[in-house]
Structure formats: C-alpha cells, structure tokens
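Chemist: Need a 3D model of the following:
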Amino acid sequence: MGDISIKINIADRVYPLRVETDEEEVIRHAAKLINEKIKELQDNYAVRDKQDLLSMCVLQYATGMIKAERNSQNQDIGLEQTVHELDNLLTDFFKK
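Modeler: Okay, the predicted model is just below:
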C-alpha cells in the first residue's frame, strides 16, 4: 500500500501527515483519543493552557504504556517458567 496525505487535528492544531494507507485509521483513532483525553483533563482540572493539557495527556499515556510493557514482560516470564516446568515434567516422565 502507498502513502497518503492526511490532516490530523490535535488540541486545535492541524498537522499534515504522510502515512501508510493501512495506518490511517489507527492514527485518526489515536488523535481522537488524545483530543478526548485533553477535553476530560480540561473539564476536571483548572488547566486551560493547551501545552499543559498535552503534557498531562502524554504523561498518562506513557504511564499506561510502561505499565502494559511491564505486565507483558511479567506474563512472558511466567509463561517461560511454566514451559520450563512442563519440559522438566515431560523429561522426567519419558526417562522412566
């Protein structure tokens, strides 16, 4: 698929982008989520400066991403331990 030109609005600013066709939906969805989070922060806090709202939004998303990465790593370690235990059980079983 080829590149296409799109315009994304984030925090009342328009950003022209060239993206892969198959990425357009994801990028538009991400921009929508960012704008919704900014609106939520604006409604819940006495912050009106767009830069502050964007910073708070980025902090929340980055924190969520780090938590998800740690959770994924922990699951991978747990899975690796389970596979190792299963391998030991099977090895012991077939030695008998």
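
Chemist: quick one: which helix or strand includes the residue nearest in space to the middle of the chain?
Modeler: Of all residues in the chain, the one closest to the mean position by Cα atoms, centre = their mean is residue 65, 5.2 Å from it. If you go by DSSP states H and E, residue 65 is part of helix 50-95.

Chemist: Remind me what that helix packs against, helices and strands.
Modeler: Taking 3 or more Cβ pairs under 8 Å, 6 or more residues apart in numbering; DSSP states H and E as contact, the helices and strands that helix 50-95 lies on are helix 24-44. (Glycine included, C-beta is placed from N, CA and C.)

Chemist: Packing partners of the helix it packs on?
Modeler: Under the contact definition 3+ Cβ pairs under 8 Å, 6+ apart, helix 24-44 sits against strand 3-10, helix 50-95.

Chemist: please redo it, this time with the cut-off set to 10 Å
Modeler: Using 3 or more Cβ pairs under 10 Å, 6 or more residues apart in numbering; DSSP states H and E as the contact definition, the elements that helix 24-44 packs against are strand 3-10, strand 13-20, helix 50-95.

Chemist: In contact with residue 5, which residues?
Modeler: Taking Cβ atoms under 10 Å, 6 or more residues apart in numbering as the definition of contact, the neighbours of residue 5 are 16-19.

Chemist: Show me how far stretch 86-95 is from its chain's centre.
Modeler: Centre-to-centre, stretch 86-95 and its host chain are 39 Å apart (Cα atoms, centre = their mean, to the nearest Å).

Chemist: mean confidence for that stretch?
Modeler: Confidence over stretch 86-95 (mean pLDDT, whole number) is 84.

Chemist: Run a quick neighbour tally on the closest residue to residue 48 other than its chain neighbours.
Modeler: Leaving aside its sequence neighbours, residue 48 sits nearest to residue 42 (Cβ to Cβ, 6 or more residues apart in numbering; 7.0 Å). Residues near residue 42, counting by other Cβ atoms under 10 Å, number 17.

Chemist: Residue 42 against residue 12, yeah?
Modeler: No. Assessed by Cβ atoms under 10 Å, residue 42 is found out of contact with residue 12, at 11.3 Å.

Chemist: Overlap in contacts, these two.
Modeler: Taking Cβ under 10 Å, 6+ apart as the contact criterion, the common neighbours of residue 42 and residue 12 are residue 50.
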